[in-house]
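# For reference, the sequence and a predicted model appear below.
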Amino acid sequence: MVETADTVEIPNIPPYKAREYDQVLESPRVWPIVKLNANREEFMKTVAEETLKVVKEQARSRKGLMEELESVVYMERSRVKNNRWKADPDDEEEYWGKMKGKLLEVSKQEGQAKQDAAEALLKDIIERYVGEIMGSFNYRAYRFIRRSATFFFARLLNSARIKKFGALFRGVLTLQDKINLVGETEHIRQLAKKGTVVLVPTHFSNLDSVLVGWAIMAVGLPPFIYGAGLNLFTINLLSYFMKNLGAYKVDRRKKNLVYLETLKMYSNQAIQSGCHSLFFPGGTRSRSGQIENRLKLGLLSTAITAQRQAFNEAKPGEEPKKIFVVPVVINYHFTLEAPSLIKEHLRRSGQERYYIENDEYSSSYKLGTFMLRFIRKGSDISVSFGKGMDLLGNFVDEEGNSFDRTGREIDLRDYFTSGGSLTIDRQREGEYTRMLSERIVEEYYKINRVFASHVVAFVAFRMLWRQHRDLDLFEVLRTSNDEVVFPYSDFRTEVDRIRNEIFLRHEAQELDLAPHMTWELDQLIDHGLDNVGMYHTARPLLKNKQGNITTKDLNTLYYYHNRLMGYGFEKLFGF
């Protein structure tokens, strides 16, 4: 039944129902990732050769090949000296030491001999990078993980629900009852039959890679390749999954041109080969807790280049391969790493920083403990799939046809031509990448599923800042926790007010809602308080003995508050 709150109608949102999906491609032999893995040596060779061409071309327009090599060797030796990780190859120091010596020898040569020797060094470095980045896929491991994870988590869920050990083998709940898969799942399944799908999720936690990997499996899509931070490979539990399920390694410390171009070419060639791909366009986890509003353009550009190349390689009368981009928003009540992430966000001052290798997921034990506690508690996660788009950000139908915002069907090939012929125009493609990134962000906010935990955190922090509106953010965050107490009746009024505004935004299709957002107000508030930061030692929001609202950690409260930034809700609080 639809109720009303003041003059705002409460939407009627049906509860989530888990469903089973058939495999889009039944035989593993036809999975693109299996084909790529079978030809991995040839693939690596192609990536290295194409990267070499690109870097040589860029070096001519930049500072020259020798200077480029000197920059690479200097940056890498500095990294090895000052910022080693457990996942680094054992011969790092030896390799880059030898490279310095070889570079010195090359600098003494002249003419074509010098150029040839410099190119040989560049080729060696690129091939090393390709070897470091290269992922692997093992179908037997995939099948084992799929079956064992399904069995284990289903049994654990039902044991926790019935709270009797004897229920361990009698339950009916599945992991989808905890991790809701919502949005355009059937649409994406159809697109996977028509072309190559590139998923671009938001990124809040180190758990994201495993979570989205499971979601891909659960909706019946063939396995995707995806980039995972090198530091995650030091966590045995995660490493086993990633090493066998197609993850390629991304080392965010390496910012030199040669490495970045190698990484981009890896993505480009994988997409060209038809491999469905996943990467986090924000580049790294959101430190602030807000949905990404500015994306990294590097890997996005590889999809656009691959689409142009697909048009170019299509034979007359042949349908060119199409590439589809699908925004995905991961919705958590809480993020285990929130305290360290917001701390880093607040201390940033624009200068270069080393990336932190270890955090709350720094060991298999910590990760495993968290996963077990999550399964046994009532907290939920949702993965929201947006509608597929082409490489210009136009929506596509299930046949892969593109339509502009007026609903007019367009031929994407026309956007890569000049004078009737396909052309390479880096500036044009750079603009397309920027346009695509803006459309992805736009869709992020529309498919974001608002949770009660997001609402209570937003309201509490805004109430605090309204009390101290003359202070800046850092001064507000220095407020003593003991001074942060809101009468429950005032807090309840503000939650009701912002929920009404959220209902209006939902009606306007500007955001999505979890079904619990329509619960009775006090029940909704309790649900939010129970779940926000539920695993943090210092809870960001809770009721005190008098039933009023207080905090034990303002920084973390600010982090969870940020999840609803970007919608303009702060205007409801007068600023």
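Noted; the coordinates are in hand.

# any idea where the helices of the stretch 1-150 of the chain begin and end?
If DSSP state H, counting those that start in this stretch is used as the criterion, the helices of the stretch 1-150 of the chain fall at 32-38, 40-61, 65-82, 92-107, 111-133, 139-162.

# Can you name every helix or strand that the next helix or strand along the chain from the last one contacts?
What that stands for is helix 139-162. Counting by DSSP states H and E, the next helix or strand C-terminal to helix 139-162 is strand 179-183. Applying 3 or more CB pairs under 8 Å, 6 or more residues apart in numbering; DSSP states H and E, we find strand 179-183 packed against helix 208-218, strand 381-385. Every C-beta, even on glycine, is put in place using the N, C-alpha and C of the backbone.

# Sheet partners, orientation included, of strand 179-183?
With DSSP bridges as the test, strand 179-183 is paired with strand 381-385 (parallel).

# Name the residues of the helix or strand containing Y444 that are buried.
Using DSSP H and E, Y444 sits within helix 426-447. Across helix 426-447, burial judged by 16 or more other CB atoms under 10 Å covers 429, 432-433, 436-437, 439-441, 443-447.

# ranges for the helices of the stretch 201-350 of the chain?
Under DSSP H, counting those that start in this stretch, the stretch 201-350 of the chain gives helices at 208-218, 236-244, 257-272, 298-313, 338-347.

# nearest to Y139, of those helices?
Closest approach to Y139 among the helices of the stretch 201-350 of the chain (CB to CB): helix 236-244, 9.1 Å.

# what packs against that closest one?
Helix 236-244 sits against helix 139-162, helix 208-218, helix 364-376, with contacts defined as 3+ CB pairs under 8 Å, 6+ apart.

# List of residues touching the second one?
Taking CB atoms under 8 Å, 6 or more residues apart in numbering as the criterion, the residues outside helix 208-218 that touch it are 21, 146, 149, 175-176, 179, 181, 199, 201, 205, 223-224, 226, 228, 232, 238, 241-242, 245, 247, 278, 280, 285, 328, 330, 381, 383.

# Tell me which residues are up against the strand or helix carrying D522.
Following DSSP H and E, one finds D522 within helix 521-531. Here helix 521-531 makes contact (CB under 8 Å, 6+ apart) with 5, 333-334, 378-379, 451-457, 491-492, 495-496, 499, 516-517, 519, 541-543, 549.

# Go again with 7 Å.
Helix 521-531 is contacted by residues 333-334, 379, 452-453, 455-456, 492, 495-496, 516-517, 519, 541-543 when judged by CB atoms under 7 Å, 6 or more residues apart in numbering.

# Could you do stretch 416-436 as well?
Stretch 416-436 is contacted from outside by L297, L300, S301, I304, T305, R308, F311, N312, V325, L391, L392, G393, using CB under 7 Å, 6+ apart.

# Any idea how far that stretch is from the middle of the chain?
Averaging C-alpha positions (CA atoms, centre = their mean, to the nearest Å) puts stretch 416-436 26 Å from its chain's average.

# Any idea how far apart the tips of that stretch sit?
The first and last residues of stretch 416-436 sit 15 Å apart, counting by CA to CA, to the nearest Å.

# again, but for stretch 85-94
Start-to-end, stretch 85-94 (CA to CA) is 16 Å.

# can you give me the strands in the stretch 451-575 of the chain?
Here the stretch 451-575 of the chain has its strands, by DSSP state E, counting those that start in this stretch, at 485-486, 512-513, 542-543, 549-550.

# one step back: and T537, which of the helices of the stretch 201-350 of the chain is closest to it?
Among those, helix 338-347 sits nearest to T537 (CB to CB), with 8.6 Å.

# Which residues are in contact with the nearest residue to E494 once chain neighbours are set aside?
Leaving aside its chain neighbours, E494 sits nearest to V459 (4.8 Å; criterion: CB to CB, 6 or more residues apart in numbering). Neighbour list for V459: F491, E494, V495, I498 [criterion: CB under 7 Å, 6+ apart].

# any idea how far the last one is from I330?
In this case it means I498. 23 Å (CB to CB, to the nearest Å).

# Give me the more crowded residue out of those two.
Shown here are I498 and I330; by other CB atoms under 10 Å, I330 has more neighbours (24 against 18).

# wait, doesn't that one sit right on L199?
No: I330 lies out of contact with L199 (CB atoms under 7 Å); the separation is 11.0 Å.

# and R140, what pLDDT?
R140 is assigned 89 on the pLDDT scale.

# And for it, the neighbour number?
For R140, using other CB under 10 Å, the count is 8.

# Can you tell me how far R492 is from G111?
Distance from R492 to G111, by CB to CB: 80 Å.

# Those two: which has the busier surroundings?
R492 (17 against 7).

# could you measure the more buried one against V455, distance?
From R492 to V455 the distance is 12 Å (CB to CB).

# low-scoring pLDDT stretches of this protein, where are they?
Applying pLDDT under 70 to the chain flags residues 1-7, 61-63, 149-173, 349-379.

# Where does the record place the domain boundaries for it?
Annotated domains of the chain cover 4-17+449-573, 39-133, 139-447 [automatic domain parsing].

# Which among the contacts of helix 208-218 count as buried?
By 16+ other CB under 10 Å, the contacts of helix 208-218 give 175-176, 179, 181, 199, 201, 205, 223-224, 226, 228, 232, 238, 241-242, 245, 247, 278, 280, 285, 328, 330, 381, 383 as buried.

# which one's the longest strand in this structure?
Identified as the longest strand of the chain according to DSSP state E is strand 323-332.

# So which residues make contact with that one?
188, 191, 195-202, 204-205, 208, 211-212, 271, 303, 306-307, 381-386, 388-391, 396, 400, 436, 440, 443-444, 447-449, 451.

# now it, how far from the chain's geometric center?
For strand 323-332, the distance to the chain centre is 8 Å (CA atoms, centre = their mean).

# That strand vs strand 179-183, what angle?
140 degrees (axes from the mean of the first three to the mean of the last three CA atoms, to 10 degrees).

# Make residue 1 into 12 and carry on from there
Fine by me, first position is 12 from now on; the one you just mentioned is strand 334-343.

# Check which residues of strand 334-343 are buried.
Result for strand 334-343 [16+ other CB under 10 Å]: buried residues I334, F335, V336, V337, P338, V339, V340, I341, N342, Y343.

# which of the residues you listed lies closest to L47?
Using CB to CB, the shortest approach to L47 within the buried residues of strand 334-343 belongs to I334, at 15.7 Å.

# For V66, see how far away the closest one is.
24 Å.

# again, but for E20
For E20, the distance to V66 - CB to CB - is 59 Å.

# So which of the two has more stuff around it?
V66 (26 against 14).

# what's the more buried one in contact with, if anything?
L133, L268, V269, E272.

# Let's see that with 6 Å instead.
Contact analysis of V66 by CB atoms under 6 Å, 6 or more residues apart in numbering lists V269, E272.

# ditto for Y150
With CB under 6 Å, 6+ apart, Y150 has these contacts: P39.

# And for V230?
Per CB under 6 Å, 6+ apart, neighbours of V230: Y32, L192, T196.

# Equivalent analysis for G397, please.
G397 neighbours (CB under 6 Å, 6+ apart): V337, P338, E454, I458.

# try V208
L202, H287, F335, V337.

# for A317, same thing?
N279, I282, Q283.

# 7 Å instead, please
N279, I282, Q283, I334.

# Look up how far D541 lies from it.
45 Å.

# Then G300?
To D541, G300 is 19 Å away according to CB to CB.

# between these two, which one's more packed in?
Taking other CB under 10 Å, G300 and D541 do not tie; G300 has more neighbours (24 against 16).

# neighbours of the nearest residue to E324 once chain neighbours are set aside, just the number please.
Once flanking residues are discounted, E324 sits nearest to P331: 7.6 Å by CB to CB, 6+ apart. Counted with other CB under 10 Å, residues neighbouring P331 total 17.
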